[in-house]
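Trainee: after the sequence you'll find the predicted model.
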Amino acid sequence: MIDEIRLSWFSKIGFTSLIILLILLLRATMGIIIGSKDRIKQLEDRTVKLEAIEYRLTQIWEQTKSFDQFKNRLDKLEVSLSKTDHLIKEQLSLPKKITDKTPPKIANSIPSKVPPKIAKKRYHTVKSGETLYNICRLYDLPIDKIRLLNKLNEACVIYPGQKLLISL
């Protein structure tokens, strides 16, 4: 009951050619698919590398911002240090300026020849909160006399524990 299908010689060659052609097409398609998979894997690897580079660039950018902030603070500190240096140089030159000037003559000056028994130096130790004006009132002396005796100019500041010459 099986009926045999008789194929002609030409049909057999055509059928075989068709199968070979299909195998070749399938093989080429498989090659393209496999090649595409390899290409996709390469692209994925490159994407991972680019993401790592992007992350590192972000870190570098944040460090750059922090360095800029540090630089700005350092610049401000440098300006303030130069101002401080200038003030220190001014303060160091003050004693020179003071010694260069001759003190003004005071009308109530002590006579140059004082007997040794009378000539006794008196000092006042500055206490916290005292001013030169308060000390002058305490000893009933003009402020210029205390400044002259202690070689103080108007810009000088007195401090607690300092000994001021009150009389010779």
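Mentor: All right, it came through fine.
Trainee: need the helices for this structure, in chain order.
Mentor: 9-100, 132-139, 143-150 (DSSP state H).
Trainee: dump the ones you listed into CSV; add mean neighbour count as well.
Mentor: C-beta: built from backbone N, CA, C; applies to glycine. CSV is the format used below for the helices of the chain (neighbours: other Cβ atoms under 10 Å):
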stretch, mean neighbour count
helix 9-100, 10
helix 132-139, 14
helix 143-150, 18
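Trainee: poorly predicted segments of the chain, please.
Mentor: 1-7, 95-119 (pLDDT under 70).
Trainee: and the residue nearest to Cys136 when sequence neighbours are not counted, how close does it get to Leu132?
Mentor: Closest residue in space to Cys136, ignoring its immediate chain neighbours: Ile143 at 4.8 Å, by Cβ to Cβ, 6 or more residues apart in numbering. As defined by Cβ to Cβ, to the nearest Å, Ile143 lies at a distance of 6 Å from Leu132.
Trainee: also Phe15?
Mentor: Phe15 sits 126 Å away from Leu132, going by Cβ to Cβ.
Trainee: about what we covered before: isn't the residue nearest to Cys136 right up against Thr131?
Mentor: No: contact criterion Cβ atoms under 8 Å: Ile143 and Thr131 do not qualify, at 9.9 Å.
Trainee: so which of the helices of the chain gets nearest Ile158?
Mentor: Among the helices of the chain, the nearest to Ile158 by Cβ to Cβ is helix 132-139 (5.8 Å).
Trainee: check contacts around Lys163.
Mentor: By Cβ atoms under 8 Å, 6 or more residues apart in numbering, Lys163 lies in contact with 123-126.
Trainee: same thing but at 10 Å, please
Mentor: 123-126, 150 (Cβ atoms under 10 Å, 6 or more residues apart in numbering).
Trainee: please identify which of these is nearest to Gly35.
Mentor: Closest to Gly35, out of all of these and judged by Cβ to Cβ, is Val126, at 95.6 Å.
Trainee: could you find the closest non-adjacent residue to that closest one?
Mentor: Using Cβ to Cβ, 6+ apart, the nearest residue to Val126 is Gln162, at 4.6 Å.
Trainee: for that neighbour, give me its contacts.
Mentor: The contact partners of Gln162, taken as Cβ under 10 Å, 6+ apart, are 123-127, 130, 150.
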